[in-house]
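Q: Sequence first, predicted model second:
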Amino acid sequence: MAIATVTLQGLYEQMLLIRAFETEAERQYKAARIGGYCHISSGQEAATVGATHALDADDLLVTGYRCHGFALARGVSPEAVMAELFGRVDGCAHGRGGSMHLLDVGVGYYGGWGIVAGQLPIATGLALALVRQGRPQAVLCELGDGAINMGAWHESLNLAAVWRLPVVFLVMNNEYGMGTSVERASAVTELYRRAAAYDLPAERVDGDDLLAVAQATATLLEGAREERQAAVLELVTYRYRGHSVADAGLAYRTRGEIDEHLRRDPIFRVRALLAAEGVPDAELDRMLALAQERVAASVDRALASPAPAVDTLARGMYAPGSAAQFARMIPGSPYGERELVFAGGLGE
Amino acid sequence: MSAAAAPPRSQPQADGYGTATMTFREALRLALREELARDPRVFVMGEEVGVFDGAYKVTQGLLEEFGGDRVRDTPISEEGFVGAGVGAAMLGERPVVEIMTLNFVLVAMDQIINHAAKIGAMFGGEVRCPLVIRTPNGAGNQLTAQHSQSFEGWFAGTPGLKVVAPSCPADAKGLLKAAIRDDDPVLVIENLTIYKEHGEVPLDPEFLTPIGLAEVARPGSDVTLVAHGYATVRALHVAERLEQTHGVSAEVVDLRSLRPLDVETVAASVAKTSRAVCIEEGWPSYGVSAELAARIQRVCFDDLDAPVERVGMAEVPLPYAKQLETAAMPGEDRIEAAVLATLGVGA
């Protein structure tokens, strides 16, 4: 794929933003401003940005729970993502989802999902809806290498093949499902070969090569849009940090292995490309500083956003109009339920 | 929701459309046909719903009438196609997913409990999931332990879901249509035995049974029988028997919805009768009747003249042998004995 220097600079800025964001998120987690699980994607920026870049504006994106980078690459603002991590009302899910459940349907991002492989049937259904609605778009469904050993993988690929649905399954093979290596988990370690069981086209590319990722994703998405051809794309990449912030990431791999990957950092690789095209060092340094400033500003904005009011506890759970349906359930409710759930505008 | 009030059982409506006598199965089919015709976003999918005409013939003829895009046969992949329903619903479609029997829902639990039920709250109300899942529960056909279960209470205990369980053909139509038009995930619990029950069904295409509203299916003054689905049919039979054999006036409250649960109607009845027997097809422990008993004692503490009684499936995996299966079920003799004991009347 011929990518103009100006486009490449934009992608480089996204990669820098994601790295700076993830570094800051880990810091904020350790400062106890972020709770729950927090899965950092540092090291996977080329795969994330390259694949997302291949989406058309009206295509749909679905991911697993290592999703900060995808949300940012798709255009969700760092403020909305950081506020979500902080559990604030200005978060993209208004503080109800947290790190694993980002979404923004306005940019076609249908969620960050927390159960391994649970998003695959949903992505398949989104693709079915596109077909039913006569829309010429496709769905890109991100999953980890661990997800391909779940039954939902098999059922979703089979449905997508039988029904000819426009969905590309993007396997982020970062070598470990939590602490279990691909070799210890999968009978076939070249994961894209699993697609042969469903007669689906599949490719495996270096996930740390931004241009290769963008090209391969674009080709498969085109097949999905134009021929309703589902496909599998395996991106071989690596996460520098542990499975989540709570995992030091060293029980199942060596420091040396991580260092080896750091020496081939995908961000350095794109910087070298830009330098070779004549972008001056000062300009490249300025982009890094800008990314860090944007992330710092997102922290300030997130801190300024209020926590959700307790009387909104039940908001969103049911559709508008549901309060009337539930009104007759109030008598005999468990202690406090009336005040916490019903009084707070259930379904309003 | 603009819903026509449910008519009293077997009384025709004077709305210009009238009613027709049909089976529960035919009433469900009429609801599907009307909604498929009304709204192009509605589509039906499940195992054998199309070419085979439905494992229990609910969808008979719909493939021919609406085509394979609207009436979509699936492979045996409950997790896959229930999840596909979730995704399609998120993009504004109105999928009506059939699961052949409730027993097979177990392999799709993750998609229902941990996905469909979570979407509204977990994403801050930014996206909705207007999905309908229809499936029959029930025992009594020697289908044995893996195919005879009624655990709809598990779903009714899950915030984010709505669960309805019609007991007569009119509500089969009215509740299925209300579920399809609802903007949240709704589980419609049917029953294998109830499919052949007959009743009067309003032909008005705008007839809906409101979600969250129980019905006094039979008025009475001595004791309240609370039930849903096929257990309501059993309760109505028992109430008639008791009237004739013991002069007992039993009121039957048909819950119709399990979540939301209409506690008001139940409590009003128990306030009048001072006695309650809760009946369900499933295992009572931690079940629908357990929930009812907890709420009745809370709301009707001063009204009760006897402890709240429960009748359900004997708490064993259902055996094959006919006499064992029959003994385990919440049959009319067991219900009658429980009612008489609650009234302090010797059988």
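A: Nice, I can see it. Residues are numbered from 1 along each chain as shown, chains lettered A, B, ... in the order given.
Q: buried stuff in stretch B:42-52?
A: B:42-50 (16 or more other Cβ atoms under 10 Å in any protein chain shown). Quick note: C-beta positions are derived from backbone N, CA and C, even for glycine.
Q: Only C-alpha atoms, please: export that stretch in CSV.
A: C-alpha atoms of stretch B:42-52 as CSV (Å, rounded to 0.1, in the frame of the first residue of the first chain):
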residue,chain,number,x,y,z
VAL,B,42,-38.1,-8.2,12.4
PHE,B,43,-36.6,-11.6,11.4
VAL,B,44,-36.8,-15.1,12.8
MET,B,45,-33.8,-17.3,13.2
GLY,B,46,-33.1,-20.7,14.8
GLU,B,47,-32.7,-24.3,14.3
GLU,B,48,-35.3,-25.8,11.9
VAL,B,49,-37.5,-22.7,11.8
GLY,B,50,-37.6,-22.6,8.0
VAL,B,51,-37.5,-25.7,5.8
PHE,B,52,-38.5,-28.0,8.6
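Q: Show residues contacting that stretch.
A: A:132, B:32, B:35-36, B:54-55, B:59, B:62-63, B:68-76, B:81, B:84-85, B:88, B:93-100, B:180 (Cβ atoms under 8 Å, 6 or more residues apart in numbering or on different chains).
Q: Next: stretch A:82-97.
A: Residues contacting stretch A:82-97 (Cβ under 8 Å, 6+ apart): A:21, A:24-25, A:28, A:33-35, A:38, A:68, A:71, A:76, A:79-81, A:98-99, A:101-104, A:112, A:295, A:298-299, A:301-303, A:305-308, A:315-316, B:121-126.
Q: The residues you listed in helices, which ones?
A: A:21, A:24-25, A:28, A:68, A:71, A:79-81, A:295, A:298-299, A:301-303, B:121-122 (DSSP state H).
Q: hmm, which of those are the buried ones?
A: Counted by 16+ other Cβ under 10 Å, the ones in helices among the contacts of stretch A:82-97 give A:21, A:24-25, A:28, A:68, A:71, A:79-81, A:295, A:298-299, A:301-302, B:121-122 as buried.
Q: Nearest to residue B:294 among these?
A: residue B:121 (24.0 Å; Cβ to Cβ).
Q: In terms of pLDDT, where does the residue lying closest to residue B:213 once chain neighbours are set aside sit?
A: Sequence neighbours aside, residue B:262 is the residue nearest to residue B:213 in space, at 5.6 Å (criterion: Cβ to Cβ, 6 or more residues apart in numbering or on different chains). Residue B:262 carries a pLDDT value of 98.
Q: burial count for residue B:262?
A: 26 (other Cβ atoms under 10 Å in any protein chain shown).
Q: swap in residue B:106?
A: Neighbours of residue B:106 using other Cβ under 10 Å come to 14.
Q: That one and residue A:57: what is the separation?
A: Remark: distance between residue B:106 and residue A:57 (Cβ to Cβ, to the nearest Å) = 40 Å.
Q: and the helix or strand hosting residue B:135, which strands flank it?
A: Following DSSP states H and E, one finds residue B:135 within strand B:132-137. Counting by DSSP bridges, the strands paired with strand B:132-137 are strand B:94-98 (parallel), strand B:186-191 (parallel).
Q: Show residues contacting it.
A: B:28, B:56, B:58, B:82, B:85, B:94-102, B:104-105, B:112, B:149-152, B:176, B:179-180, B:182, B:185-192, B:194-195, B:229, B:281-282.
Q: Can you tell me which of those residues end up in strands?
A: Counted as lying in strands by DSSP state E, out of the contacts of strand B:132-137, are B:94-98, B:186-191.
Q: Where do the strands of the stretch 201-348 of chain A begin and end?
A: Assigned by DSSP state E, counting those that start in this stretch, the stretch 201-348 of chain A shows strands spanning A:202-206, A:231-236.
Q: what's in contact with the longest one?
A: Right, strand A:231-236. A:47, A:51, A:157, A:168-173, A:175, A:190-192, A:194-195, A:200-208, A:213, A:216-217, A:220, A:223-224.
Q: Apply the buried test to the residues you listed and list what passes.
A: Among the contacts of strand A:231-236, the ones that count as buried (16+ other Cβ under 10 Å) are A:47, A:51, A:157, A:168-173, A:175, A:191-192, A:194-195, A:200-208, A:213, A:216-217, A:220, A:223-224.
Q: Now the residue nearest to residue A:277 when sequence neighbours are not counted: phi and psi?
A: Nearest residue to residue A:277, sequence neighbours excluded (Cβ to Cβ, 6+ apart): residue A:5, at 4.9 Å. Per-residue torsions, residue A:5: phi -50, psi -40 (degrees, to the nearest 10).
Q: Among the contacts of stretch B:42-52, which lie within helices?
A: Short answer: the contacts of stretch B:42-52 in helices (DSSP H) are A:132, B:32, B:35-36, B:62-63, B:81, B:84-85, B:88, B:180.
Q: closest to residue B:201 among those?
A: Distances from residue B:201 to the ones in helices among the contacts of stretch B:42-52, taken by Cβ to Cβ, are shortest for residue B:32, at 13.3 Å.
Q: That closest one and chain A: what is the separation?
A: Applying Cβ to the nearest Cβ, to the nearest Å, the value for residue B:32 to chain A is 17 Å.
Q: Please apply the same query to residue B:48.
A: 15 Å.
Q: Mind pulling the model confidence for that residue?
A: Looking at residue B:48, the pLDDT reads 97.
Q: same deal with residue B:162?
A: 98.
Q: Where does the prediction get shaky in chain B?
A: B:1-14, B:347 (pLDDT under 70).
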